[in-house]
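Participant: Just to be clear, the model below is a prediction. Sequence and coordinates:
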Amino acid sequence: MKRSLSAFAFLLVLSGVQATGALARQDPALVKDAVEAFLRTQIRGLPGDVSYTIGGIDPANRLAPCTALEAGLPAGAKSWGRTSVTVRCQAERGWTIFVPVHIRVVTDYLVTAMPLAQGQTVTPSDLARQRGDLSDLPAGILTDEREALGRTATLSIAAGRPLRADMLRQPVVILQNQTVKVISQGPGFQVTNEGRSLNNGLDGQIVQVRLANGQIVSGVARAGGVVEIGF
């Protein structure tokens, strides 16, 4: 009789442990809510029609229950396409999991309307638009004409190719040994000098200039042979 009672008590304890273990699982709905809240913030400002899907979260997980959840993108993760979101439990002895997501961005993007030769400057007639899901295209696809116009092709590009940022570069606006106008300006003053550039410069790059008095100064290259120095 005692042996039967002991066995019965052991079964009760075991069932209690199993019940506790069954309850010690993270609610997948809370994890999904954290991911959705993050994605709603993440997709703000993205062009076109944006949608997303969230991968499944195992309902039989062995994660300790947690309500203090924080979601974010892992270092180096893509901001759209097939990627993942980290969800961290911020409680003591917390945990971290990766939840797969697919962010679709359907919008117009730039393609070449005609072939571009290496070194050719892009004009409006060189550009056309196509509509598609950016998550299906390589990274760096351009969607704004202002990111392409006036830039030069870094390689020959066939007609109908999607334009990436690394296919174009800013034009050279300052040539080495060119006579340039140096504009030095600050609060309440502006001084203009002339000098000779010591190196080539793309728009926005730093170039060095030798002034007429022999002084060497550094400034920002701008179109029209201008070098700006701010104080």
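Facilitator: Cool, got the structure. Numbers count the residues shown, from 1 in each chain.

Participant: Quick one: residues contacting Gly224.
Facilitator: Neighbouring residues of Gly224 by Cβ atoms under 8 Å, 6 or more residues apart in numbering: Val173, Lys181. In short, each C-beta sits where N, CA and C put it, glycine included.

Participant: Mind telling me what element it is part of?
Facilitator: Under the criterion DSSP states H and E, no helix or strand holds Gly224.

Participant: swap in Thr192?
Facilitator: Using DSSP H and E, Thr192 sits in strand 189-197.

Participant: Break down this structure into its strands, ranges please.
Facilitator: Under the criterion DSSP state E, strands of the chain are mapped to 49-54, 69-72, 81-89, 96-112, 127-133, 152-153, 168-169, 172-174, 179-186, 189-197, 201-202, 206-211, 216-222, 226-230.

Participant: now for those strands, which one comes closest to Ala159?
Facilitator: strand 96-112 (5.3 Å; Cβ to Cβ).

Participant: For that closest one, which helices and strands make contact with it?
Facilitator: For strand 96-112, the packing partners by 3 or more Cβ pairs under 8 Å, 6 or more residues apart in numbering; DSSP states H and E come out as helix 28-42, strand 49-54, strand 81-89, strand 127-133.

Participant: just those: most buried one?
Facilitator: Most buried of those by mean neighbour count (mean count of other Cβ atoms under 10 Å) is strand 81-89; its value is a mean of 19.

Participant: what's that one packed up against?
Facilitator: Contact analysis of strand 81-89 by 3+ Cβ pairs under 8 Å, 6+ apart lists helix 28-42, strand 69-72, strand 96-112 as its packing neighbours.

Participant: returning to what we had before: can you say which of the strands of the chain is nearest to Leu142?
Facilitator: Comparing the strands of the chain by Cβ to Cβ, strand 96-112 comes nearest, at 4.6 Å.

Participant: thinking again about what came up before, which strands and helices lie in contact with the strand holding Thr192?
Facilitator: Under the contact definition 3+ Cβ pairs under 8 Å, 6+ apart, strand 189-197 sits against strand 179-186, strand 206-211.

Participant: For the residue nearest the centre of the chain, give me phi and psi.
Facilitator: The residue lying closest to the centre of the chain (Cα atoms, centre = their mean) is Ser79, at 5.5 Å. Backbone torsions of Ser79, given as degrees, to the nearest 10, read phi -90, psi -10.

Participant: what's near enough to touch it?
Facilitator: Gln42, Leu46, Leu73, Ile103.

Participant: Can you tell me the closest non-neighbouring residue to the second one?
Facilitator: Looking back up the chat, that one is Leu46. Nearest non-adjacent residue to Leu46, counting by Cβ to Cβ, 6 or more residues apart in numbering: Val105, 5.4 Å away.
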